[in-house]
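Peer 1: can't give you the sequence, but here's the structure:
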């Protein structure tokens, strides 16, 4: 367990450093704090989760799910369509492409894993959800796989 805590501690220090650099860069550039791929990933994840609950997904559903303005969602959908991550029918139904589905599933897997892991470590559900939503976007696949394998191995040894 000590090694796991050490990994999380290092991760948090790296994250804090990256956040400091990002905040400094964005202050200079006058940009928004959220990285564009983080925003795209949130939209794709939302579309995936909504498509599991609803017969069809529309922009208004995404707006309600994420709490964003409809105009913001509309712009994001245009960008995702241009990146060939979604298709939109004439009726306004939104579907993930193969490329979009792959990204959405990856992000959703990370979200579920980190939420569960943090709850297992004693973090409240709300905080675990919020933190998982941030963590899922900033680590590499290699780091995610290593943390997941390490955690699952040590969890099963209990």
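Peer 2: Looks like it came in fine. Just so it is clear, the structure is predicted and the values come from calculations on it, not from any experiment.

Peer 1: in this protein, what residue spans correspond to helices?
Peer 2: Remark: helices assigned in the chain by DSSP state H are 2-29, 36-53, 59-66, 70-82, 98-120, 125-138, 141-156.

Peer 1: can I get those helices in CSV with mean pLDDT?
Peer 2: As requested, the helices of the chain are exported to CSV (pLDDT from 0 to 100):
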stretch, mean pLDDT
helix 2-29, 49
helix 36-53, 91
helix 59-66, 96
helix 70-82, 96
helix 98-120, 95
helix 125-138, 92
helix 141-156, 91
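
Peer 1: for those helices, give me CSV that also has distance to residue 90 and mean neighbour count.
Peer 2: To be clear about C-beta, it is placed using only N, CA and C from the backbone, and glycine gets the same treatment. CSV is the format used below for these (distance: least, CB to CB, whole Å; neighbours: other CB atoms under 10 Å):
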stretch, distance to residue 90, mean neighbour count
helix 2-29, 38, 11
helix 36-53, 18, 18
helix 59-66, 14, 17
helix 70-82, 13, 16
helix 98-120, 19, 17
helix 125-138, 32, 16
helix 141-156, 36, 13
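
Peer 1: tabulate the ones you listed (JSON lines), appending distance to residue 91.
Peer 2: Converted to JSON lines, the helices of the chain look like this (distance: least, CB to CB, whole Å):
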{"stretch": "helix 2-29", "distance to residue 91": "38"}
{"stretch": "helix 36-53", "distance to residue 91": "15"}
{"stretch": "helix 59-66", "distance to residue 91": "12"}
{"stretch": "helix 70-82", "distance to residue 91": "14"}
{"stretch": "helix 98-120", "distance to residue 91": "19"}
{"stretch": "helix 125-138", "distance to residue 91": "30"}
{"stretch": "helix 141-156", "distance to residue 91": "36"}
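
Peer 1: which of the ones you listed sits closest to residue 92?
Peer 2: Among the helices of the chain, helix 59-66 comes nearest to residue 92, with 6.6 Å by CB to CB.
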